[in-house]
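Enquirer: Sequence first, then the predicted structure:
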Amino acid sequence: MATRTARRTTTTTTRPRARRGRPRTHREAWTKVSVVMFERQVVDLDRLTTTIRGKTGANLTRAEVIRALLDALSESRLDVTSIVSGAQLKRMLVQKLSV
């Protein structure tokens, strides 16, 4: 049998409790997404973040790199509305980025 307990009320002002877990780093709404990637892609991401850390000391995460790439694509003037496959998108991006 469950028992009820009365809530205690306090008259003193208390500080808000510290949030548990990682500190909040995002300043906008977000959704956690799981994406299957090929091993070579994960190796490339890790190699890139390690190289950046070695050269600049900045500790970028895989997610930060992926978000930056998506944001750059969204902000670019590339018309990707006629793309019909990932392979075609990749070819277009390689062509545009290999300037």
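Expert: All right, it came through fine. Note that the coordinates shown come from a computational prediction; the quantities given were computed from them, not determined experimentally.
Enquirer: residue ranges with poor pLDDT in the chain?
Expert: The chain contains residues with pLDDT under 70 at 1-13, 15, 18, 22-24.
Enquirer: Please report how far the residue nearest to the spatial centre of the chain lies from residue 83.
Expert: The centroid of the chain falls nearest to residue 63 when counting by CA atoms, centre = their mean (3.5 Å). From residue 63 across to residue 83, the span is 24 Å (CB to CB, to the nearest Å). No exception for glycine: its C-beta is placed from N, CA and C like everyone else's.
Enquirer: And for residue 16?
Expert: 47 Å.
Enquirer: what about the two, which has more around it?
Expert: More neighbours surround residue 83 than the other of residue 16 and residue 83, with 15 against 5 (other CB atoms under 10 Å).
Enquirer: What sits closest to the more buried one if chain neighbours are left out?
Expert: residue 89 (4.8 Å; CB to CB, 6 or more residues apart in numbering).
Enquirer: The one you found: helix or strand, and which one exactly?
Expert: helix 86-97 (DSSP states H and E).
Enquirer: Mind exporting the C-alpha coordinates of that helix to CSV?
Expert: What follows is helix 86-97, C-alpha atoms only, in CSV (Å, rounded to 0.1, in the frame of the first residue of the first chain):
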residue,chain,number,x,y,z
GLY,A,86,23.6,10.9,-51.8
ALA,A,87,26.2,10.1,-54.4
GLN,A,88,25.1,13.0,-56.6
LEU,A,89,25.1,15.4,-53.6
LYS,A,90,28.7,14.2,-52.8
ARG,A,91,29.9,14.9,-56.4
MET,A,92,28.4,18.4,-56.3
LEU,A,93,30.0,19.2,-53.0
VAL,A,94,33.4,17.8,-54.0
GLN,A,95,33.3,19.9,-57.2
LYS,A,96,32.3,23.1,-55.4
LEU,A,97,34.7,22.6,-52.5
